[in-house]
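Asks: One predicted model, sequence on top.
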Amino acid sequence: MTAAAAAATTATVIPCLRYRDAPAAIDWLCEAFGFERHAIYASGDIVHHAQLTFGNGMIMLGSVDQADSEWAGLIAQPDRIGGMETQSPCVVVDDADAHYARARAAGARIVMDIADQDYGGRGYACRDLEGHLWWFGSYDPWQTV
């Protein structure tokens, strides 16, 4: 795919996450953060692949416990590495304060309180139900300054 062709798609970068209880994570991500189910491929409690959307963005996720998944063996969960992350999704929201209230009410653990950012916008950082780190804010890097 060329850069021009990639620009014509909805999103060319899609974060992928793994969860120990992926069905519960899907429900929680939809309730707490406002994601919507796009596609879910599962066998019982094992989610082989799920796609959740937020506006024109998407995340993909699956269960940690997939014996046939080479990919899952390459990823460590935050609880195995002292709660650390090597990356985190950043999600642009219209109203950071309303999103913050929604996430907090659903039990998101706030790790950086909501604040105005020096580079523009307003945002906060939190951990989800399994400790993954997220950033939500109103700063839209696609908009000109």
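Replies: Yes, it's here.

Asks: Skipping its backbone neighbours, what lies nearest Asp97 in space?
Replies: Spatial nearest neighbour of Asp97, excluding adjacent residues (C-beta to C-beta, 6 or more residues apart in numbering): Ile114 at 6.4 Å. Where C-beta positions appear, they are placed from N, C-alpha and C, glycine not excepted.

Asks: now the longest helix seen in the chain: how far from the chain's centre is it?
Replies: In the chain, taking DSSP state H as the definition, the longest helix is helix 22-33. Relative to its parent chain, helix 22-33 has a centroid offset of 10 Å by C-alpha atoms, centre = their mean, to the nearest Å.

Asks: If we go by neighbour counts, what in it is buried?
Replies: For helix 22-33, a neighbour-count test (16 or more other C-beta atoms under 10 Å) marks Ala22, Pro23, Ala25, Ile26, Trp28, Leu29, Ala32, Phe33 as buried.

Asks: Please look at the second one and Gly44 and confirm they touch.
Replies: No: no contact is recorded between Pro23 and Gly44 when judged using C-beta atoms under 8 Å, the distance being 9.0 Å.

Asks: tell me, what residue is most central in the chain?
Replies: Pro89 (5.2 Å; C-alpha atoms, centre = their mean).

Asks: I'd like to know how far it sits from Ala11.
Replies: Computed as C-beta to C-beta, to the nearest Å, the Pro89 to Ala11 distance reads 12 Å.

Asks: again, but for Trp71
Replies: Taking C-beta to C-beta, one finds Trp71 at 19 Å from Ala11.

Asks: Please identify which of the two sits among more neighbours.
Replies: Ala11 (14 against 10; other C-beta atoms under 10 Å).

Asks: okay, the more buried one: pLDDT?
Replies: Note on Ala11: pLDDT of 78.

Asks: again with Ala6
Replies: The predicted local confidence for Ala6 is 57.

Asks: separation between Val64 and Tyr41?
Replies: For Val64, the distance to Tyr41 - C-beta to C-beta - is 16 Å.

Asks: the more surrounded of these two?
Replies: Val64 (20 against 11).
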